[in-house]
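Chemist: Predicted model and sequence below, questions to follow.
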Amino acid sequence: MLKVIKYKATVLYILLIIIINSVYSWFPFMTIAGAPFSSGDMLVGAIYIFRDFAQREIKHYVILAMLFGALISYLFADKSMAIASVCAFSVAETIDWAIFTFTGKPLSQRLLWSSSLSAPVDSIIFLAIYGPLNLAGVLVLCASKTLGVLLVWVIWKYKQPKYFGLSETATPPQIL
């Protein structure tokens, strides 16, 4: 149990992967401007942030956490939805990982950069596989994911001792 507590962000990251894919499967999509929208889209924004915190805890093993969460998701979710989600998520998470690993920017900047770049890629791939791929769909998905990212980022940012230029020793958010 103590080891799990040590890896809170990683456990939350895996749980979010499972929850998001399950929400996509179990709850109906709404149509906004001709685009499918799910309540899970807001959660996807949060997962980008928690992936970065999980990587701080377990380094490059975060890829294994992602694969583990994706495998469990596949067991719980609609199969075609899970495949589209896992494909889109894997590419987006790889973008996040690369930005987090190679940019050398302060954590607060990496969190925003990685999610800003990966959200559109995730949306395009998801809609290309699950459909329908259209501009309205991409914009709706990107907007909802960006809102989720900004919400978690603002909560985390206000809990930091320094408001700007966070050090690399900043701790993951204590949201739960």
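Modeler: The structure has been received and is ready for your questions. No experiment lies behind these values; they were computed from the predicted model shown.

Chemist: hey, where'd the helices end up in the protein?
Modeler: Assigned by DSSP state H, the helices in the chain fall at 2-6, 8-26, 40-58, 62-76, 79-102, 107-130, 135-158.

Chemist: from these, which stretch is densest packed?
Modeler: Highest mean neighbour count of those: helix 40-58, a mean of 24 (counted as mean count of other Cβ atoms under 10 Å). The C-beta positions use only the backbone N, C-alpha and C, and glycine is treated the same way.

Chemist: and that helix, what does it pack onto?
Modeler: Helix 40-58 sits against helix 8-26, helix 62-76, helix 79-102, helix 107-130, helix 135-158, with contacts defined as 3 or more Cβ pairs under 8 Å, 6 or more residues apart in numbering; DSSP states H and E.

Chemist: Those: which one's closest to Phe50?
Modeler: helix 8-26 (4.5 Å; Cβ to Cβ).

Chemist: Out of the helices and strands packed on helix 40-58, which is closest to Ala46?
Modeler: In terms of Cβ to Cβ, the element of those nearest to Ala46 is helix 135-158, at 4.7 Å.

Chemist: What helices and strands are in contact with the closest one?
Modeler: Short answer (3+ Cβ pairs under 8 Å, 6+ apart): helix 135-158 packs on strand 35-37, helix 40-58, helix 107-130.
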